[in-house]
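J.: with the sequence up front, the predicted model follows.
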Amino acid sequence: MHRVIVYISLLFVSRAILAQEIESYPPQQLDTATVYASGFIESKTDSLFILNDTAGINVLTPARWLAGQTPFQTRIYGAGMTAGLSLRGAPVSHVLVVWNGVPLNSPFNGQTDLNTLSAGLPGKITLYRGGLSQTFGSGAMAGALVINDPLEFDGGAHIRTHLRAGQYGLRYGQIQGQQSGKRWSVRLGADWEENDNDFRIPAIGYVNRNARINSRHLNLGAGFRQGKNLWQTYLLHNYSDRYLPGTRTTLSRSRLLMEQTAWQVNWKRQTNRGGNLNVLGAMVDENYRYYYMDGGTVSGKGNARSYFFKTAYDCRLGPVSTSLNYSFSFVEGRTLNFDRHIRLLHTLSANAEYRYKNIDLEAGLRLQETPESPIPPTGFVQAGWQPIHHYKTALLFSTNFRLPTFNDLYWQPGGNPSLRPESNREWEWIHQWSSRGLYLRLSTYYRINRNLIRWVPGNNGLWHPVNIERTRARGLEWSGRWKKTTGPWNFSLSASYNIQRVIDLQTGRLLSYTPQYLWTTGLRAGWKKIYLRPQVKFQSFYYTDASNTHFAPQILLVGLQAGWHYKRFRIDLDISNLLDTYYEWMPGRPMPGRTGSIGLTYDINLKPKNNN
């Protein structure tokens with residue numbers, strides 16, 4: 001890995017530039033409606049959380065960004081350990097992770113461990129929530145985390161290096177760059193993290209023993225365009241080696257190695273009638289090994305390989321934008337706990353948008369077929385109205401569907417071959433206001449889940465999956481952002497507040513591990529080349545059992561970031577958990593107290609000599 005990084009440095013270091021001026025914090029953004037050849041509609045009534053520049057903030061993985069700076073529940077089983085995102089009280093397997101149009105969620109548990117991905121290498125990470133996220137696929141029942149690596153064809157060269165060191169043995173390095181001509185483009189990036197992770201909590205006599213983290217990530221991309229044709233290929237490689245520290249009351253010498261490689265090739269062509277054709281082929285390979293005792297024999301391992309083929313055509317006919325898509329996937333997987341199983345899935349979908357004056361109508365339909373189970377049609381319908389320039393409102397109805405994972409069906413002991421697929425229906429009412437640096441969004445939603453899959457302990461002490469016949473989720477989400485620049489000063493204030501209430505309609509009780517209230521607020525104050533950014537996050541208590549008897553306490557965290565940039569350099573200081581609060585995202589898994597780190601970023605950017 002270090003040889004690769006040296007090679008990347010030598011390839012790009014001959015080109016020099018000024019650093020790009022990108023804000024060093026993840027804003028919320030209101031996008032315009034656009035139909036993409038990848039086959040989905042990005043609606044301007046959908047509020048997005050976007051991470052497009054990690055310089056100056058200590059977010060090495062998506063899990064750390066989401067846990068600290070967004071108003072959503074991140075289920076993290078210890079510092080740097082396995083992590084997933086829960087949106088609107090849904091299981092973490094209901095959030096689909098998509099990389100350049102390719103789903104990454106594991107066929108074993110239906111999730112992507114967000115602490116095994118890099119947050120610094122991708123060009124942009126976008127979090128979608130709500131019904132419109134279902135356009136990314138059947139796994140996006142609650143939302144989608146979309147990772148994109150856009151290629152530029154500006155004839156320039158760009159390079160960034162970032163080094164970070166912190167308490168408890170944190171060492172991190174990153175290098176990435178892109179070089180392009182008028183017809184070709186190459187993008188390379190790599191990072192690594194080594195972390196002893198041996199934090200201490202004297203108040204309870206806890207030491208996070210046997211918790212070392214070692215991770216590597218590699219992103220490659222290349223593109224060539226000629227006339228109306230564009231060819232692109234991407235490679236993603238994630239590797240993590242983690243020792244598992246156990247819980248607050250138990251010790252562990254376990255070790256988990258995870259490796260994922262994804263590769264894709266796609267071709268895009270603009271047709272003579274103004275449409276766009278996109279054809280994509282991809283492969284994702286996943287491996288894991290689990291050691292119960294360090295250095296001992298393998299007590300768990302698995303391998304899965306997925307093949308994807310997608311084709312999409314979109315065009316605009318007057319006020320109507322349309323997109324027609326077909327995809328096929330072949331997935332195979334096996335572990336020590338079950339033999340080889342395969343899954344075939346055909347998908348045909350169509351999306352359309354109609355815009356007339358201040359009215360915006362969108363609709364989508366998806367048809368799927370698999371030998372395992374009949375799948376009902378799913379889709380969405382949305383109607384938007386903009387009565388005045390600054391205000392828009394929209395009504396949205398969507399349905400979605402999800403098959404059980406391989407672990408749900410076949411894991412031994414505990415798998416349940418009789419599980420029924422999950423489905424849901426969701427209604428949402430959205431209000432948006434944007435004017436003079438002020439952006440506000442308010443939405444209310446109502447969702448019914450059928451056959452929700454949950455793992456529960458049995459009478460024999462073994463966990464097994466069951467279907468919960470019906471659950472109901474109701475909630476309100478509010479978010480706002482305000483920006484102001486006065487002379488050398490610039491200010492940005494952001495806040496988000498979520499209320500979510502998820503009930504098992506059979507028992508009338510709240511669903512376990514689902515907090516009802518979450519909010520964040522942050523202020524960024526800058527003067528010339530210096531900035532200061534305090535951040536606060538709150539998560540209410542949640543029940544840890546189906547009877548609503550035991551609960552995990554609420555969490556209030558304060559963070560502080562400060563930085564200074566000069567020409568091509570940036571120096572930043574990050575202090576997490578400023579008040580040294582004891583907290584656990586998941587019960588029995590202590591998180592660090594006050595923790596500091598310092599980072600140095602160096603940007604080079606050589607613009608093309610001639611843009612003609």
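T.: Right, received. Where do you want to start? Numbers count the residues shown, from 1 in each chain.
J.: which stretches in the chain count as helices?
T.: Per DSSP state H, the chain carries helices over the ranges 2-12, 62-69, 406-410.
J.: can you tell me which residues contact Ala90?
T.: By Cβ atoms under 8 Å, 6 or more residues apart in numbering, the contact set of Ala90 is 141-143, 449, 473, 502. For the C-beta atoms, the positions are set from N, CA and C on the backbone; glycine is no exception.
J.: can I get the residues you listed in CSV including pLDDT?
T.: Shown next, in CSV, are those (pLDDT from 0 to 100):
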residue, pLDDT
Met141, 91
Ala142, 92
Gly143, 91
Asn449, 95
Ala473, 96
Val502, 96
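J.: narrow the residues you listed to those in strands?
T.: Residues of the contacts of Ala90 located in strands (DSSP state E): 143, 449, 473, 502.
J.: distance to Tyr326 added to those residues, as TSV?
T.: TSV is the format used below for the ones in strands among the contacts of Ala90 (distance: Cβ to Cβ, whole Å):
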residue	distance to Tyr326
Gly143	24
Asn449	28
Ala473	32
Val502	35
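J.: who wins for most neighbours among the residues you listed?
T.: In terms of neighbour count, Asn449 stands highest of the ones in strands among the contacts of Ala90 at 28 neighbours, by other Cβ atoms under 10 Å.
J.: hey, what's that residue bridged with?
T.: Beta-bridge partners for Asn449, by DSSP bridges, are Asn424, Thr471.
J.: and it, how far from Gly414?
T.: 22 Å (Cβ to Cβ, to the nearest Å).
J.: what of Ile571?
T.: Note on Ile571: its distance to Gly414, by Cβ to Cβ, is 50 Å.
J.: repeat for Val298
T.: In terms of Cβ to Cβ, Val298 sits 20 Å off from Gly414.
J.: show the average pLDDT along stretch 314-327.
T.: For stretch 314-327, the mean pLDDT works out to 91.
J.: using PDB, write out every CA atom in that stretch.
T.: This file holds the C-alpha atoms of stretch 314-327, laid out as PDB (Å, rounded to 0.1, in the frame of the first residue of the first chain):
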ATOM      1  CA  ASP A 314     -33.300   8.800 -20.400                       C
ATOM      2  CA  CYS A 315     -34.700  11.600 -22.600                       C
ATOM      3  CA  ARG A 316     -36.700  14.800 -22.400                       C
ATOM      4  CA  LEU A 317     -39.800  15.400 -24.400                       C
ATOM      5  CA  GLY A 318     -40.900  19.000 -23.800                       C
ATOM      6  CA  PRO A 319     -41.800  19.400 -20.200                       C
ATOM      7  CA  VAL A 320     -41.500  15.700 -19.500                       C
ATOM      8  CA  SER A 321     -38.300  13.900 -18.500                       C
ATOM      9  CA  THR A 322     -38.300  10.100 -18.600                       C
ATOM     10  CA  SER A 323     -35.900   7.300 -17.700                       C
ATOM     11  CA  LEU A 324     -36.300   3.600 -18.500                       C
ATOM     12  CA  ASN A 325     -34.000   1.000 -16.800                       C
ATOM     13  CA  TYR A 326     -33.300  -2.700 -16.800                       C
ATOM     14  CA  SER A 327     -30.900  -4.500 -14.400                       C
END
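J.: for that stretch, which residues meet the burial criterion?
T.: Using 16 or more other Cβ atoms under 10 Å as the test for burial, stretch 314-327 gives 314-315, 321-325, 327.
J.: if we can go back for a sec, more neighbours: which of Val298 and Gly414?
T.: Per other Cβ under 10 Å, whichever of Val298 and Gly414 has more neighbours is Gly414, with 16 against 12.
J.: contacting residues for Leu114?
T.: Listed by Cβ under 8 Å, 6+ apart, the contact set of Leu114 reads 61-63, 66, 74, 83-85, 97, 145.
J.: among those residues, which lie within strands?
T.: The strands, defined by DSSP E, take in 74, 83-85, 97, 145 from the contacts of Leu114.
J.: rewinding a little: by mean pLDDT, show me the worst of the helices of the chain.
T.: Looking at the helices of the chain, the weakest mean confidence is helix 2-12, a mean of 37.
J.: give me the distance between Leu462 and Trp411.
T.: Leu462 is 10 Å from Trp411, by Cβ to Cβ.
J.: of the two, who's got more company?
T.: Per other Cβ under 10 Å, whichever of Leu462 and Trp411 has more neighbours is Trp411, with 20 against 9.
J.: which one is the more buried one nearest to, not counting chain neighbours?
T.: Excluding the flanking residues, the one nearest Trp411 by Cβ to Cβ, 6 or more residues apart in numbering is Asn337, at 5.3 Å.
J.: wait, the one you found touches Lys301, no?
T.: No: contact criterion Cβ atoms under 8 Å: Asn337 and Lys301 do not qualify, at 9.6 Å.
J.: give me the phi and psi for Gln506.
T.: When read as degrees, to the nearest 10, the backbone of Gln506 gives phi -80, psi -40.
J.: count of neighbours near the closest residue to it other than its chain neighbours?
T.: The shortest distance from Gln506 to any non-neighbouring residue, by Cβ to Cβ, 6+ apart, is to Glu469 (5.7 Å). Neighbour count of Glu469, defined by other Cβ under 10 Å: 13.
J.: also Tyr234?
T.: A total of 22 residues lie near Tyr234 under the criterion other Cβ under 10 Å.
J.: so Leu145 is in contact with Val95, correct?
T.: Yes: using Cβ under 8 Å, Leu145 is in contact with Val95, at 6.1 Å.
J.: how about the contacts made by the nearest residue to Tyr206 once chain neighbours are set aside?
T.: Leaving aside its chain neighbours, Tyr206 sits nearest to Pro590 (5.6 Å; criterion: Cβ to Cβ, 6+ apart). Contact analysis of Pro590 by Cβ under 8 Å, 6+ apart lists 78, 201, 204, 206, 208, 248, 582, 584.
J.: let's go with 6 Å and repeat that
T.: Applying Cβ atoms under 6 Å, 6 or more residues apart in numbering, one finds that Pro590 lies in contact with 201, 206, 248, 584.
J.: could you do Ser435 as well?
T.: Ser435 neighbours (Cβ under 6 Å, 6+ apart): His390.
J.: how much space separates the residue nearest to Tyr206 from Tyr542?
T.: Taken as Cβ to Cβ, the span from Pro590 to Tyr542 is 17 Å.
J.: please apply the same query to Tyr288.
T.: Counting by Cβ to Cβ - Tyr288 and Tyr542 are separated by 28 Å.
J.: and Thr82, by the same measure?
T.: The gap separating Thr82 from Tyr542 is 18 Å, by Cβ to Cβ.
J.: before we move on, what about Leu127?
T.: For Leu127, the distance to Tyr542 equals 21 Å [Cβ to Cβ].
J.: the two: who's more crowded?
T.: Between Leu127 and Tyr542, Leu127 has the larger neighbour count (other Cβ under 10 Å), namely 24 against 21.
J.: for the record, mean pLDDT for stretch 205-214?
T.: What stretch 205-214 shows for mean pLDDT is 91.
J.: okay, and the helix or strand of the chain with the least pLDDT?
T.: Every helix and strand of the chain was ranked by mean pLDDT, DSSP states H and E. The lowest is strand 34-35, at a mean of 26.
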